[in-house]
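S.K.: 3D, please:
(2 chains)
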Amino acid sequence: MDISNSKSQMRKGMLEYCILLLLKQQAAYASDIIQRLREAEMIVMEGTLYPLLTRLKNDGLLGYEWQESTQGPPRKYYKLTSDGQEALAQLNASWEEISRTVNFLKQ
Amino acid sequence: MKKNISINLFGTLYNIDEDAYNLLENYLQSMQRYFGRREGCEEIADDIEHRVAELLWQRREAGMTAINIETVKEIIDTIGNAEQIAGDGGNAGQGSENTEQGNKFKENLNQFANEASRFAHDAYEKSYKHVKTHRYYRCTTDKILGGVCSGLAVYTNTGDPLLWRLGAIALTLIGIGLPLPIIYIVMWLVTPAALTPEDRLRQQGKEITPENLTQQVKEDSQQMVMPAKETHRGCLIAIIIAFVIIFVIPIIAFISMFGRMWFQWFDMIF
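M.R.: The predicted model follows:
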C-alpha cells in the first residue's frame, strides 16, 4: 500500500473541511486563507487552493465579492453561503463520528 | 544590459526585463489555455494572474525597481508547482513533519477517514483528467528548413536530428530515397509546427498538466524560445526553388543549346 498516497488523500479530504471551518469565522481572500492554513500547520501549495475554491464556489458552498485593495490588485473575498453552513454542519457531524470510530478502534 | 518593458497589471505599472516578460506571458497564457477550456475553471487563470500581481506588488513595496527573470521564476514556484494545481497535493505536508505540533496534527488527520477524502478524490479526478497524446509536430526551435527532421527526432525521442538529416540526404543521394525531397515538402506543408508549450509537450508524448506546462514554459525561456508565429513562406520559397530546378534550368539549357545551333547554322550560311 502506498502510504504517501493515502496520506495525501486524507489531506485532500481535510482541506475542504478546513477551508469551510476557516471561512465560517470571517470572509477571507486567497492569500489570507493560505496564511491561516499555514498557521494551522496545514501546509498547502498555493496552486492547490485556487481550483478548490472555485469548485466550492461552483458547488454553491462559497460565494465571493470583489474588494479594492490598497495593497495591490483587487481581492476576491470568499465567504460561506447558507448551503456552505449546512455542509459544514454535516462535515462537523461526520468528523465527530469518524473520530469516535477511530478512537474506539485505537483502544 | 537588458531591454525593459513596462506592463500594466490591474492598473499598476511595472518595469520588467524582456526575458522575464516572455516567461511570465508564456506562463499566464498556458494557465489560461489550460484552465480556460475546463468547464467551471475559467476563473482560476484569472485568480492566478491576480496572485502574480499581488506578489509583484509586494516585491515592489520591498524596493524592487525592475522585475527580472529570477523573480518571475520565484513567483511561478510559489504559486505552484503543479502537481499542486492539478489537485494532487502529493507531498504537500512535508513542511510540518518535524514539529511536535505537526505530528499531533497528522494524528488528527489520520483520524479523518476515507469518506470525505474519497469524495474529494473523485471530484478531483473528474475535473482534472489529463489527456495524454503523442503527436507529430515540426520543430520550430531547431530547424534548417522546415524542422521536419528535428520534429522526427523529438517525436521518436532519438535525440540528435543530425542523424535524421544526414540519413535523409544520404538516402536521396544514393538513389533509394529519391522521393524524399517531395515527401519532405509535403510534410512541411501538411504537418503543424509546435508553436505553444502544449504542442511541445504533445510532441514529446508528455501529459499536459499544469506541472509539465510550467516546466516546459521555463525550459522554453531558457532556450530563448519566443512565442512563435509560423508562416509557410519558407516552404513556398523551397517549392519555388524546386520548381526552378526542375523546369526552368532544362528550359534555359534547351534555349542555350538551341541558340548555339542557331549560331552554327548562321556561321555555315555566311
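S.K.: since we're on the nearest residue to residue B:199 once chain neighbours are set aside, how many residues are nearby?
M.R.: Nearest residue to residue B:199 in three dimensions, chain neighbours excluded: residue B:137, at 5.3 Å (CB to CB, 6 or more residues apart in numbering or on different chains). Where you see a C-beta, it was placed from the backbone N, CA and C, and this is true even at glycine. The number of residues packed near residue B:137 is 20, by other CB atoms under 10 Å in any protein chain shown.
S.K.: for residue B:137, what are its contacts?
M.R.: Residues in contact with residue B:137 (CB atoms under 8 Å, 6 or more residues apart in numbering or on different chains) are B:151, B:154, B:155, B:191, B:192, B:193, B:194, B:199, B:200, B:202, B:203.
S.K.: just checking, the fifth one touches residue B:200?
M.R.: No: the criterion here is CB atoms under 8 Å, and residue B:192 misses it with residue B:200 at 11.8 Å.
S.K.: between those two, which one's more packed in?
M.R.: The residue with more neighbours, out of residue B:192 and residue B:200, is residue B:200; 23 against 14, by other CB under 10 Å.
S.K.: Quick one: residues contacting the more buried one.
M.R.: By CB under 8 Å, 6+ apart, the neighbours of residue B:200 are B:137, B:194, B:216, B:220.
S.K.: did I read that right, it in a helix?
M.R.: Yes: per DSSP: H, G, I helix; E, B strand; the rest coil, residue B:200 lies within a helix segment.
S.K.: Report all helices and strands that whichever strand or helix holds residue A:93 contacts.
M.R.: Assessed by DSSP states H and E, residue A:93 sits inside helix A:82-106. Here helix A:82-106 touches helix A:3-25, helix B:100-111, helix B:114-127, going by 3 or more CB pairs under 8 Å, 6 or more residues apart in numbering or on different chains; DSSP states H and E.
S.K.: Identify the farthest-apart pair in the contacts of residue B:137.
M.R.: Farthest-apart pair in those is B:191 and B:200; separation 14.4 Å (CB to CB).
S.K.: wouldn't residue B:55 be in contact with residue B:75 here?
M.R.: Yes: with contact defined as CB under 8 Å, residue B:55 reaches residue B:75; the gap is 5.0 Å.
S.K.: Residue B:24 - nearest residue in space that isn't next to it in sequence?
M.R.: residue B:72 (5.0 Å).
S.K.: neighbours around that neighbour, how many?
M.R.: By the measure other CB under 10 Å, the count of residues near residue B:72 is 26.
S.K.: Then it would be within a helix, right?
M.R.: Yes: counting by three-state DSSP, one finds residue B:72 located in a helix.
S.K.: Look up how far residue B:48 lies from it.
M.R.: For residue B:72, the distance to residue B:48 equals 13 Å [CB to CB, to the nearest Å].
S.K.: for residue B:58, same thing?
M.R.: Residue B:58 sits 16 Å away from residue B:48, taking CB to CB as the criterion.
S.K.: higher neighbour count, the two?
M.R.: Per other CB under 10 Å, whichever of residue B:58 and residue B:48 has more neighbours is residue B:48, with 24 against 14.
S.K.: what's the nearest residue to that one once chain neighbours are set aside sitting at in phi/psi?
M.R.: Leaving aside its sequence neighbours, residue B:48 sits nearest to residue B:31 (CB to CB, 6+ apart; 5.3 Å). Main-chain dihedrals, residue B:31, degrees, to the nearest 10: phi -60, psi -40.
S.K.: okay, now residue B:31: neighbour count?
M.R.: Neighbour tally, residue B:31, other CB under 10 Å: 28.
S.K.: ok, it touching residue B:210?
M.R.: Yes: with contact defined as CB under 8 Å, residue B:31 counts as touching residue B:210 (6.9 Å).
S.K.: pLDDT value on residue 29, please?
M.R.: Going with chain A. What the model reports for residue A:29 is a pLDDT of 89.
S.K.: Can you look at chain B instead?
M.R.: So residue B:29 comes in at 83 (pLDDT).
S.K.: Which secondary structure element is home to it?
M.R.: Short version, using DSSP H and E: residue B:29 is in helix B:18-36.
S.K.: contact partners of that helix?
M.R.: Outside of helix B:18-36, the residues within contact range by CB under 8 Å, 6+ apart are A:51, B:2-5, B:7, B:16, B:41-42, B:44-45, B:48-49, B:52, B:67-69, B:71-73, B:75-76, B:196-198, B:208, B:210, B:213-214, B:216-218, B:220-221, B:224, B:226-227.
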